[in-house]
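Peer 1: predicted structure and sequence below. I'll ask about it afterward.
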Amino acid sequence: MHIAIHNWMRAEPIEKTIARIASQGYHALEIQGAPEMYDTKHVRQLLHNHKLKCWGSVTLMMGERNLVAKSEAQRAASIQYVKDIITMVKELDGYMVSVVPGTVGKIVPDGRPEEEWTWAVESMKACYEFAEQSGIRLGIEPINRFETYFVNRAAQALALAEATGSNCGVCLDIFHMNLEESNYYNAIHQAKDRLVGFHVADNNRFAPGMGTLDWEKIVATLKSVGYDGALSVEFCPPLDRTPANPHPGSIDEQPDGLTAEQLKFLEDHGSSAFTEAFYSMLTQKSIDTLLPLIS
């Protein structure tokens, strides 16, 4: 196993992100699903210069992005978005793309369950065919019920992966599992043959080690099922706006480079913009917690 980190949690130049995580001992970047933002030749060189790899990417299912939409045109545009991410990851010599099928924040279905399942399978098959041709693994990611009504548990992601194709995987996220799974260790065992990614944040969505999850047992369980991919850090802590805030100075009141869409995505996750000092503390705490466990 190795340690990767997402970069969608804070808007900053990719140069700054890569320099920080390299200095802290990370092995790889899981780059945000925004292909239009990046010159892949430049990012690839940056990663090479800092002796880092691109592990993959994750779909940012905002706005009209929805693989289970009733609208055929909306589904087609969403499929193209996923294909664009696959192309980005291929150009960065990455391994996988984590796919959240539905729009984050959408909790009202577009159709009957059997209709939506058909739309989901058709959409995923289109993405999967392109991914297979590109040599990139797909991992369907279940997220909690407060962010989507569609695919919340490992068993659901596995069913969709099996309906999609023999090489389609699942990507699990322990924060979401802590909310949705009756036993997340069993869920890891259930997903073992298709497990292609694993996202990590503590039970409160702070950095690993800042909550109550048993990281030693979680990593040991992953080892027991033969998982040898990335532990991808993906914290998104709730930022306290009251005098009880245990992390004063954590909120960036004037974020640089944060688009309205990105801010909404963070706010939909119960968070906001972090200051650089707070963000750096979270990235350091994450690797300090995880790195000793994977050796």
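Peer 2: Sure thing, it's come through.
Peer 1: looks to me like V89 is in a strand.
Peer 2: No: secondary structure assignment places V89 outside any strand; it is helix (DSSP: H, G, I helix; E, B strand; the rest coil).
Peer 1: hmm, it is touching I136, no?
Peer 2: Yes: counting by Cβ atoms under 8 Å, V89 does reach I136; the two are 5.5 Å apart. In short, each C-beta sits where N, CA and C put it, glycine included.
Peer 1: quickly list what's touching both of these two.
Peer 2: 56, 95-97 (Cβ atoms under 8 Å, 6 or more residues apart in numbering).
Peer 1: from the residues you listed, pick the one nearest V196.
Peer 2: M96 (5.1 Å; Cβ to Cβ).
Peer 1: V89 and I136 - which one has more neighbours?
Peer 2: Neighbour totals were compared for V89 and I136, and V89 leads with 27 against 22 (other Cβ atoms under 10 Å).
Peer 1: pull the most distant pair out of the shared contacts of V89 and I136.
Peer 2: Distance extremes for these: the farthest pair is Y95 and V97 at 8.9 Å, using Cβ to Cβ.
Peer 1: and stretch 89-97, how far from the chain's centre?
Peer 2: Relative to the centre of its chain, stretch 89-97 is centred 14 Å away, using Cα atoms, centre = their mean, to the nearest Å.
Peer 1: typed the wrong thing, it's stretch 51-67
Peer 2: Chain-centre distance of stretch 51-67: 7 Å, with Cα atoms, centre = their mean.
Peer 1: same question, stretch 187-198
Peer 2: Relative to the mean C-alpha coordinate of its chain, stretch 187-198 is positioned 15 Å out (Cα atoms, centre = their mean).
Peer 1: what does it contact?
Peer 2: By Cβ under 8 Å, 6+ apart, the residues outside stretch 187-198 that reach it are 55-56, 95-96, 98, 137-139, 141, 153-155, 157-158, 161, 168-174, 177, 181, 218, 221-222, 224-227, 229-232.
Peer 1: ends of that stretch, what's the gap?
Peer 2: Distance across stretch 187-198, first residue to last, is 12 Å (Cα to Cα, to the nearest Å).
Peer 1: next, the buried residues of that stretch.
Peer 2: 187-188, 190-191, 194-198 (16 or more other Cβ atoms under 10 Å).
Peer 1: so I218 touches I174, yeah?
Peer 2: Yes: assessed by Cβ under 8 Å, I218 is found in contact with I174 at 6.2 Å.
Peer 1: touching both of the two, which residues are there?
Peer 2: By Cβ under 8 Å, 6+ apart, the residues touching both I218 and I174 are Y184.
Peer 1: which of the buried residues of stretch 187-198 fall in helices?
Peer 2: If you go by DSSP state H, these have 187-188, 190-191 in helices.
Peer 1: okay, and which of the contacts of stretch 187-198 map to helices?
Peer 2: Judged by DSSP H, helices contain the following of the contacts of stretch 187-198: 154-155, 157-158, 161, 174, 177, 218, 221-222, 224.
Peer 1: now these in CSV, with distance to E64 and neighbour count?
Peer 2: Output for these, formatted as CSV (distance: Cβ to Cβ, whole Å; neighbours: other Cβ atoms under 10 Å):
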residue, distance to E64, neighbour count
A154, 27, 26
A155, 28, 15
A157, 23, 27
L158, 27, 22
A161, 24, 24
I174, 29, 23
M177, 28, 24
I218, 35, 21
T221, 37, 18
L222, 35, 23
S224, 41, 12
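Peer 1: what touches both of Y95 and V97?
Peer 2: Residues within reach of Y95 and of V97 at once, by Cβ under 8 Å, 6+ apart, are 56, 89, 136-137.
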